[in-house]
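*Asks:* Show me the folded form of this:
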Amino acid sequence: MSTKQVVKGENIPVSHLPFSAGIISGDHLFVSGQASTDDTGAIIKDTFAGECRRSFDNLKRIVEAAGVTLDDAVQVRNYVANQEDLVEFNQIYREYFQAPYPARTTLIGCLGDVLKFEVDAVFRLPQ
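*Replies:* Numbers count the residues shown, from 1 in each chain. This next block holds a predicted model:
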């Protein structure tokens, strides 16, 4: 039977919704969807690039609190509100992830009117 451990730390973004920012189970870290939010969970509206980078920065904070890096990503799921932002998204993605790239899924048009971008990911914990 696998156990679950909640990732904790001072730099982890808070949410008032019923989910954990990150869960360690076995030798993997599962990070919930991260968006353009401040430390209290309030949404920060910005340009697509601003929201995308803030989301990746929030992801990075959780990952680092768990003792891993973005290089340990095995799967990244991205949610982009507008197809017109895909070229810019791919440029920003390369700022955070390098080859060999993790497995990736990108869904378009699924965020409604509030967010421009969201990301969730799975990481392999170092041995």
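*Asks:* so what does the least confident helix or strand in the chain by mean pLDDT touch, helix or strand wise?
*Replies:* Sorting the helices and strands of the chain by mean pLDDT, DSSP states H and E puts strand 4-6 at the bottom, at a mean of 92. Under the contact definition 3 or more Cβ pairs under 8 Å, 6 or more residues apart in numbering; DSSP states H and E, strand 4-6 sits against strand 22-25. C-beta: built from backbone N, CA, C; applies to glycine.
*Asks:* quick one: stretch 75-85 to chain centroid distance?
*Replies:* How far stretch 75-85 lies from its chain's middle: 12 Å, per Cα atoms, centre = their mean, to the nearest Å.
*Asks:* Report the buried residues of that stretch.
*Replies:* Buried residues in stretch 75-85, counted by 16 or more other Cβ atoms under 10 Å: Val76, Asn78, Tyr79, Val80, Ala81, Asp85.
*Asks:* Tell me where the protein is predicted with low confidence.
*Replies:* 1-2 (pLDDT under 70).
*Asks:* Helices along that one, start to end?
*Replies:* Taking DSSP state H, the helices of the chain run over residues 48-65, 86-96.
*Asks:* Comparing those, which comes out most buried?
*Replies:* Ranked by mean neighbour count, those are led by helix 48-65 with a mean of 20 (mean count of other Cβ atoms under 10 Å).
*Asks:* ok, how many other residues are close to Asp38?
*Replies:* Asp38 has 12 neighbours, counted by other Cβ atoms under 10 Å.
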